[in-house]
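# coords please:
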Amino acid sequence: MLVYHDMSDDQFEQVAVALGQRLFGPGLIGFAKGKDGGRDAKFRGTAQAYPSTASPWNGGTIIQAKHTTGINASFSDKAFFNPETETGILADELARIKALIASGELDNYLVISNRKLTGITQGKLETYLHKETGLKKDQLGFLGTSQLDDLFKLYPDALKSLDFRPLERPLIVRSDELAETIEAFGDALGDLEVPETKDLPEPRTPLDKKNRLNNMSDEYAKKLRSLYLPVTRQIDVFLGDPKNDQFLEKYHDATEEFSLKIIEFQGAEDTFDSVFNYLLDMLIDRSSVLRGNKRLTRAMLFYMYWTCDIGKNADA
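Sure thing, here's the model as predicted:
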């Protein structure tokens, strides 16, 4: 079946529309930004087959697609909804949902996401939204990865209707090699001996020139340098130790992939500030190890940039 986490947000919205038009009807309006800034798909009338042909939804239906690049993401993740603090992606939509109900635009609410959905979690989400909005539980719906796969089997024409261009995808990188390296570096950090005479790693291209080549803002570069430049000495010692050759090899595997992907996906107008942040978000979204070591992950990415292992440099 489809690999949802490797899609772009736009591609996942196409998935939601393709299935939505089979469940509700061809009159379903695809995702567009509304007056309040939210992106919704809309349908008004009687649904063809949702939640069933025997008891379809009627009235105004608002559909939201919540895509994540995280692997094995779940509706139970606290980033989606934390029942203890009532925060997260779903809670952030609450004010909009209430406003749409008040304006008469929303009678039914459906969330489609590439997250795993269990019956227990669905019940908790329905209870929360019912309590906060007054919508009946049978007016609330959630579709996760298993449900999407089942629907594509039921509506194979929906799958055929998807028109993804080969290069229409986000910057996707593997996190495994970097995660192993950072985990080992983090474990060794407390016992790492850095000579007082140890110089900073030598950048192959002066930072000011590299920033101009890569379109990194002075403010962003200054902040990265102030936060992570001291850590580069420790990283250099760790990677330079012969006993860590296996991690040095994994580091080079990671930088090779990152640098090639960045070259492909960074547009002429894109700042490296955005590339750095996107790459970081992608990595921590896909690895629990990196998610638990965010500062070291940022430091390692800065080390890659400082030493010209990623990004344009004067030699290239």
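# Wait, a helix at Tyr128?
Yes - per DSSP: H, G, I helix; E, B strand; the rest coil, Tyr128 lies within a helix segment.
# I figured Gly45 hits Ile29, correct?
No - at 11.4 Å, Gly45 and Ile29 do not qualify as touching, with contact defined as CB atoms under 8 Å. Where C-beta positions appear, they are placed from N, C-alpha and C, glycine not excepted.
# Mind exporting the C-alpha coordinates of stretch 265-276 to CSV?
Extracted in CSV, the C-alpha atoms of stretch 265-276 (Å, rounded to 0.1, in the frame of the first residue of the first chain):
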residue,chain,number,x,y,z
PHE,A,265,15.5,20.1,-2.7
GLN,A,266,16.8,23.5,-1.7
GLY,A,267,15.3,26.0,-4.1
ALA,A,268,17.0,29.3,-5.1
GLU,A,269,14.8,31.3,-2.7
ASP,A,270,15.0,28.8,0.2
THR,A,271,17.2,29.9,3.2
PHE,A,272,19.4,27.4,4.8
ASP,A,273,17.7,28.5,8.1
SER,A,274,14.6,26.7,6.8
VAL,A,275,16.6,23.7,5.5
PHE,A,276,18.3,23.3,8.8
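# Quick check: can you list the domain ranges of this structure?
As recorded under automatic domain parsing, the domains making up the chain are 4-161, 176-306.
# Now do the strands in the stretch 101-250 of the chain.
Listed in chain order, the strands found in the stretch 101-250 of the chain under DSSP state E, counting those that start in this stretch are 108-113, 140-143.
# out of these, deepest packed?
Sort these by mean neighbour count, taking mean count of other CB atoms under 10 Å, and strand 108-113 sits at the top with a mean of 24.
# Phe258 reaches Phe276, doesn't it?
No - checked against CB under 8 Å, the pair Phe258 and Phe276 is beyond contact range at 10.6 Å.
# sorry, back to before: got a markdown table for the domains of the chain, with mean pLDDT and distance to Asp315 too?
Compiled in a markdown table, these are given as follows (pLDDT from 0 to 100; distance: least, CB to CB, whole Å):
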| stretch | mean pLDDT | distance to Asp315 |
| --- | --- | --- |
| domain 4-161 | 93 | 32 |
| domain 176-306 | 90 | 6 |
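# Spit out the contact partners of Ile89.
Counting by CB atoms under 8 Å, 6 or more residues apart in numbering, Ile89 touches 66, 79-81.
# ok so, going back, figure out which of the strands of the stretch 101-250 of the chain is closest to Tyr4.
Among the strands of the stretch 101-250 of the chain, the nearest to Tyr4 by CB to CB is strand 108-113 (8.8 Å).
# for the closest one, packing partners?
Based on contacts counted as 3 or more CB pairs under 8 Å, 6 or more residues apart in numbering; DSSP states H and E, the elements that strand 108-113 packs against are helix 9-23, strand 58-66, strand 140-143.
# which residues sit in contact with Pro203?
Going by CB under 8 Å, 6+ apart, Pro203 touches 210, 306-308.
# hmm, which of these are the buried ones?
Burial by neighbour count, judged by 16 or more other CB atoms under 10 Å, picks out 210, 306-308 from these.
# roughly how far apart are Tyr305 and Asp245?
As defined by CB to CB, to the nearest Å, Tyr305 lies at a distance of 23 Å from Asp245.
# So which of those two has more stuff around it?
Taking neighbours as other CB atoms under 10 Å, Tyr305 and Asp245 compare with Tyr305 leading, 26 against 11.
# thinking again about what came up before, from the contacts of Ile89, keep the buried residues only.
A residue is treated as buried here by neighbour count (16+ other CB under 10 Å); on that basis the buried members of the contacts of Ile89 are 66, 80-81.
# and which of these is nearest Leu296?
Lowest distance from Leu296 to the buried ones among the contacts of Ile89 (CB to CB) belongs to Phe80, with 25.6 Å.
# That closest one belongs to a helix?
No - Phe80 sits outside any helix when classified using three-state DSSP, being coil.
# Alright, calling it a day.
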